[in-house]
Every structure is written in C-alpha cells, then in structure tokens.
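Asker: Give me the fold of what follows.
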Amino acid sequence: MVNDVELASQVAKGDERAFIALYDRYSSRVYTLLLHMLHDSMAAEEVLQETFLRLWSRAEQFDPGRGAFVVWLLTIARRTALERLRFESHRPVLADSDEPSTLLENIPEPETTSEEARWRSLHLAVQSLPEEQRQVIELAYYQGMSQSEIAEMLDLPLGTVKTRIRAGMFRLREQWLEGENVQIQKPL
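Answerer: You can find the predicted model right below:
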C-alpha cells in the first residue's frame, strides 16, 4: 500500500489515481467530521467535495515534516466547514420576495434551536482548547479513532494521548458547566 506522503506528492503532480486513492481512503472520515460539525448531511457532502477540491489544488502545500497527512486533510475540512458556518450565519433570513405567511413556516421548533445552540456551544468550546488537546479530542470523538490509533498516527506515547484527552475533556466540562455556575471538583 502506498503511503499518504507519496500519494500527496503524486496528487501535487496531477495524478488522478493518487487523488482517487486518497479520496477512497479518507472520504468517510472527513464526512464524519463534517457531519458532526454541520449537522446536515447535504451540507456535509458539499463541504466534503470542496475539501477534496482544495486537496487537489493545494496538495503541494502538504509538508510531511509538520504532521500526518490525515491531520492536514482534516484541518482543511474543518476550516472549510467553519467558512460555511460563518457564511450561513451572515446570510439574510428574509428576502424581499418572502411572504409573511411563509415566515411562520420557517420558524424552527424550540427544541431544534436549543439543540443547535448546544452543538454550537460545544463546538466553540472544543475550538478554544489548546491545539494538542483539541487535536486528540477531535480525532477520538469526531473521527472515532481509538487512543492507540491516535498515538500511532501522531507518533506520541499512548500515555500522552490519554493525558491530553483527559485534560481536554475536563476543560470542556468546566467550560460547559461554567455558564450554569456548577462547581466541579478536580480529579486527583
């Protein structure tokens, strides 16, 4: 099996077979991340395609000395999804042609709105984590990777991965409950 670095190098030279190999290898992982971020399968599919278009046009920017290919690809996907979320949050809700009767049909149910708010709050909390904690938490919970897989992929000791996940989860819990004024006892 050809490694990711070699495939990325071939994609940078315009090799379509290498591109297809990377798509086949990583599209489901990227899609899972995007679905977790966007909560919309159609939007996740669109951003997935945009992510791989960016891979095709920017493959020469991948530097194996800075980290694993999959992390680089997931970073492109995450940034593309965040761009999409920012764009949608600035989109006007009311167009000139909207009739008042259709406005009532477009009001979301309260539970949908509060669930969306919780997801956005969680997403912001994850993004505010230190990079080393955010990276392992995203790989574990968005990509469903085991701690051993993360350790191998990032070339870290398993204990380091476990510590980063634990510290990140504790920090997330603190941030999550902070707004509710709940006191948390630090683990020993």
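Asker: Can you say which helix or strand has Q175 in it?
Answerer: Element membership of Q175, judged by DSSP states H and E, is helix 158-178.
Asker: Where does pLDDT dip in this protein?
Answerer: Across the chain, the ranges flagged by pLDDT under 70 are 90-119, 179-188.
Asker: max-length helix in it?
Answerer: Ordering each helix of the chain by length in residues (DSSP state H) puts helix 16-38 first.
Asker: Give the buried residues for that helix.
Answerer: Neighbour counts over helix 16-38 (16 or more other Cβ atoms under 10 Å) mark 18-19, 21-23, 25-26, 29-38 as buried. Any C-beta I mention is one placed from the backbone N, CA and C, and that applies to glycine too.
Asker: follow-up on the earlier one: what is the helix holding Q175 packed up against?
Answerer: helix 110-127, helix 131-137, helix 147-154 (3 or more Cβ pairs under 8 Å, 6 or more residues apart in numbering; DSSP states H and E).
Asker: which residues does I150 contact?
Answerer: 136, 139-140, 156, 161 (Cβ atoms under 8 Å, 6 or more residues apart in numbering).
Asker: Let's see that with 6 Å instead.
Answerer: Neighbouring residues of I150 by Cβ atoms under 6 Å, 6 or more residues apart in numbering: 136, 139, 161.
Asker: Could you turn the buried ones of these into a ChimeraX selection?
Answerer: Here is the ChimeraX command that selects the buried residues among the contacts of I150 (16+ other Cβ under 10 Å):
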select :136,139,161
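Asker: Kind regards, and thank you for your time.
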